[in-house]
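# here is a sequence together with a model predicted from it:
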Amino acid sequence: MSEPDIRVPAGSVLRLQQLRKSYQAGTPLETEVLHGIDFELRRGEFTALVGPSGSGKTTMLNLIGLLDTPTSGELYLLDKPTRALDDAARTALRGRSIGFVFQFHHLIQAFSVLDNVLMPALVQGAPRNRELERRALELLQAVGLEAHAGKRPSELSGGQQQRVAIARALLTRPPLVLADEPTGNLDTRSADDVFALLRRFNQAFGCAVLVVTHDPRLAQRCGRIVDLVDGRLAGDRHLPTTPDNDPGQ
């Protein structure tokens, strides 16, 4: 089985510097959700972001994914400051730098599996040609679904659809993959398969992966765990190497 050609530059992929986020800023109802977050994610890191409900994980992920803007502080993506970017520049940077995998796969049921994988590149204006389709088929082969390329997502199991979502997230060869509860809607076996695929691409190609999860079993299989509590980083620990989180395995 061939692997898709994805390479990520060395060094820092993501850096948050005193990042703060408030809602209803400047009003009597202003509420600060994130309180000066300092955080860095480097090439090849596979990190779990954990914390209780209401701790600010979704807000932090939305900021990292350039889906929202911080109230103050700075977010550097590939060493590029992003806070002052306009919407068009943010959209372009997000499209070429970040792959998203969500709890619900968000595949378009009217399109084939192959079309769904191609979607991120087509949305960015890339021409649909043999090279782009070859890359998409290689990713489907890597997740074990090349034979299903012409099917509709509804013809696949939940675990298979999530594997399609992983292939879609990797099509643009992003240096950063954000996975928001990617196994939360799956049974244990399918969850293990999806997690293993994310880990495999992380190890093989060096993309940084940040996984938001409530599953302590999966968090312990990451190389690093970051704890977010009440909008502040309460812990940041690298885990001892095990067969599950050893990049050499």
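Thanks, I have the structure now.
# who touches Pro216 in this structure?
Contact analysis of Pro216 by Cβ atoms under 8 Å, 6 or more residues apart in numbering lists Val50. For glycine as for every other residue, the C-beta is placed from the backbone atoms N, C-alpha and C.
# and the strands in this protein?
12-23, 31-42, 46-50, 72-77, 80-81, 98-102, 176-180, 208-212, 224-229, 232-238 (DSSP state E).
# residue ranges with poor pLDDT in this structure?
By pLDDT under 70, the weakly predicted segments of the chain are 1-10, 104-105, 241-249.
# max-length helix in it?
helix 188-205 (DSSP state H).
# buried set for that one?
190-195, 197-199, 201-203, 205 (16 or more other Cβ atoms under 10 Å).
# just give me the neighbour total for Val13.
Val13 has 28 neighbours, counted by other Cβ atoms under 10 Å.
# wait, doesn't it sit right on Leu41?
Yes: the pair Val13 / Leu41 is scored as a contact, 5.4 Å apart, by Cβ atoms under 8 Å.
# what touches both of these two?
Contacts common to Val13 and Leu41, judged by Cβ under 8 Å, 6+ apart, are 176, 208.
# what comes up buried for stretch 110-129?
Residues 112-121 are the ones in stretch 110-129 that count as buried (16+ other Cβ under 10 Å).
# again, but for stretch 149-156
149, 152-153, 156.
# what about it, start to end distance?
End-to-end distance for stretch 149-156, by Cα to Cα, to the nearest Å: 11 Å.
# distance of the residue nearest in space to the middle of the chain from Leu67?
Centroid-nearest residue in the chain: Leu178, 1.4 Å away (criterion: Cα atoms, centre = their mean). Per Cβ to Cβ, to the nearest Å, Leu178 is found 10 Å from Leu67.
# how about Arg43?
23 Å.
# cool, and Ala147?
Between Ala147 and Leu67 the distance is 34 Å, computed by Cβ to Cβ.
# before we move on, what about Arg135?
From Arg135 to Leu67 the distance is 25 Å (Cβ to Cβ).
# which of the two has more neighbours?
Per other Cβ under 10 Å, whichever of Arg135 and Leu67 has more neighbours is Arg135, with 21 against 14.
# isn't Ser154 right up against Ile108?
No: taking contacts as Cβ under 8 Å, Ser154 lies outside contact range of Ile108: 10.7 Å.
# next, count neighbours for Arg237.
Neighbourhood size, Arg237 [other Cβ under 10 Å]: 9.
# and the closest residue to it other than its chain neighbours, what is it in contact with?
Of all residues not flanking Arg237 in the chain, Ile225 sits nearest, at 5.6 Å (Cβ to Cβ, 6 or more residues apart in numbering). By Cβ under 8 Å, 6+ apart, the residues touching Ile225 are 47-48, 50, 219, 235-237, 239.
# I'd like the residues you listed as TSV, with distance to Asp86 appended.
Formatted as TSV, the contacts of Ile225 follow (distance: Cβ to Cβ, whole Å):
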residue	distance to Asp86
Thr47	29
Ala48	33
Val50	33
Ala219	36
Gly235	36
Asp236	32
Arg237	37
Leu239	39
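# pull out the buried residues from the residues you listed.
Judged by 16+ other Cβ under 10 Å, buried ones among those: 47-48, 50, 219.
# got the phi and psi for Ser53?
Dihedral angles of Ser53 (phi, psi; degrees, to the nearest 10) stand at phi -60, psi 140.
# any idea how far it lies from Val212?
12 Å.
# who has more neighbours out of those two?
Remark: of Ser53 and Val212, Val212 carries more neighbours, 22 against 7, as counted by other Cβ under 10 Å.
# for that one, which residues make a bridge with it?
Leu49, Asp180 (DSSP bridges).
# name the residue most distant from the centre of the protein?
Max distance from the centre of the chain (Cα atoms, centre = their mean): Pro28, 34.9 Å.
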